[in-house]
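Got a sequence here, can you build the structure:
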Amino acid sequence: MAASGAGPGALNASGHRTVIDALQYRFLSRWQFLNGGSRRSIVQTILPGKVTEAASLALAPRSRANATRLAVALAAQVFQFVLLWPFLLPANPARGATRVLLVLLTPVQWALIHEAIHGSLLGRRTANDLAGRLLSTFHGAPFRVLRLGHLLHHQHSRCPRERSEVYDARSRSWWRAALPYYLWLLGGLYVTELALGQFLLLPKVALRRLERSVDGPNTVAGLLLRGLRQPGALSEARADALATALTFGVASLLYGVHLWMLAIALLARAFFISFADNAYHYGTVRDAPRQARNLRLPAPLQVAMLNFTLHGTHHRHPAAPWHCLPLLFREEAEGWDGGYLRTQLRQLRGPLPLDRLPVAAPRPLDARR
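A predicted model of the protein is given here:
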């Protein structure tokens, strides 16, 4: 389905744009969509000429299928936070083992939040953002915080502000870098998300001081807090933080003497979220935000995770809905960068010195054309 003609965005023989052209990173800005533009209007504005109906359909979220996944995910969260204790545990505490399955669904829940972050979960922006906020409440952090953090990840990944496994051997030993690295890897990222959400309930003066204290050239924390100064951002994040505190608080009361089950489940979630976060980037080319690994996973699991393992393709096309990623992956013919589990476990090798990271310039997106 490649377009004919020289250069990206060329018209095909019938004078229409192809699906691939319509999904190009530079033509479909996540910022524009998040600011209210429709996908079709953005493509037509930035790509003068005709846009095929196929391209328009490819750009649209699969709202009905995604809504089904959303309903199942929310039902699972309500079950484990609210319904499990009163209906199952009093009769047979061993039924708390059902939480194991729910914990294993953590990557699926995050994949849905991730689609909402990019505006690709549901077709209407208000519905999409509401879904993201509901999922994020059960996740444990305000949706606005998760969205800002993730978009900053796309902007700064593999740059000094956002490469968690890297240290400068000229000023720091491996042992000094190892402790914070492993704490972050084994649960610290998720704990930080939980804590930040509750910190947002502090007065604005305290938040400004916190912003200044955490800002620096090697972190996105200050930029994230600064982003919450946008009109309505802080009030929305605070409302979601209160909803999260209420949800977790009610669940704690309901579990009662079985609270340890909830605590273990949240610790397991912290591990899954934190351990998986940087696996796609560990040891990859530095100063290349659009570089990431595509990791091989059995097809049913890949679909269940909304093709999140096609992470390299996603970083080159962050506005593409999940169902378009396999098409883009085949079109770019990049190949797999390793197996999912083996690449995850590679992170246990520990932090890496900066001078060991590859420095080759990433291949331009359109070098294949």
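
Share the number of residues neighbouring the closest residue to residue 228 other than its chain neighbours, please.
Excluding its sequence neighbours, the residue lying closest to residue 228 (CB to CB, 6 or more residues apart in numbering) is residue 234, at 4.9 Å. Quick note: C-beta positions are derived from backbone N, CA and C, even for glycine. Look at residue 234: counted by other CB atoms under 10 Å, it has 18 neighbours.

Could you measure from residue 234 over to residue 131?
21 Å (CB to CB, to the nearest Å).

again, but for residue 261
28 Å.

between the two, who's got more neighbours?
residue 131 (23 against 18).

Might you report the residue contacts of the more buried one?
Counting by CB atoms under 8 Å, 6 or more residues apart in numbering, residue 131 touches 70, 112, 116, 121-122.

Can you lay out the residues you listed as JSON lines showing secondary structure?
Listed next are these as JSON lines, based on DSSP: H, G, I helix; E, B strand; the rest coil:
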{"residue": "70", "secondary structure": "helix"}
{"residue": "112", "secondary structure": "helix"}
{"residue": "116", "secondary structure": "helix"}
{"residue": "121", "secondary structure": "coil"}
{"residue": "122", "secondary structure": "coil"}
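
and which of these is nearest to residue 198?
Set against residue 198, the nearest of the contacts of residue 131 by CB to CB is residue 116 (21.6 Å).

Find the nearest non-adjacent residue to that closest one, please.
residue 132 (3.1 Å).

Could I get the buried residue list for the helix or strand that neighbour falls within?
Using DSSP states H and E, residue 132 sits within helix 125-139. Residues of helix 125-139 classed as buried by neighbour count (16 or more other CB atoms under 10 Å): 128-129, 131-139.

Now find how far off-centre it is within its chain.
In terms of CA atoms, centre = their mean, to the nearest Å, the centre of helix 125-139 is set 13 Å apart from its chain centre.

Do a quick rundown of the helices in the stretch 251-369 of the chain.
With DSSP state H, counting those that start in this stretch as the criterion, the stretch 251-369 of the chain has helices at 259-277, 299-304, 311-316, 325-332, 340-346.

Now do the second one: everything it contacts.
Right, the one you point to is helix 299-304. Against helix 299-304 from outside (CB under 8 Å, 6+ apart): 108, 309-310.

domains for the chain, by residue range?
16-59, 65-356 (automatic domain parsing).

hmm, back to that, tabulate the contacts of residue 131 (CSV), appending neighbour count.
Below are the contacts of residue 131 laid out as CSV (neighbours: other CB atoms under 10 Å):
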residue, neighbour count
70, 22
112, 24
116, 27
121, 28
122, 22
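
Looking at those, spot the one nearest residue 350.
Nearest to residue 350 among those, with distances taken as CB to CB, is residue 112, at 31.6 Å.

so how far is the helix or strand containing residue 175 off the chain centroid?
According to DSSP H and E, residue 175 maps onto helix 174-183. How far helix 174-183 lies from its chain's middle: 24 Å, per CA atoms, centre = their mean.

Residue 250: which element?
Counting by DSSP H and E, residue 250 is part of helix 233-255.
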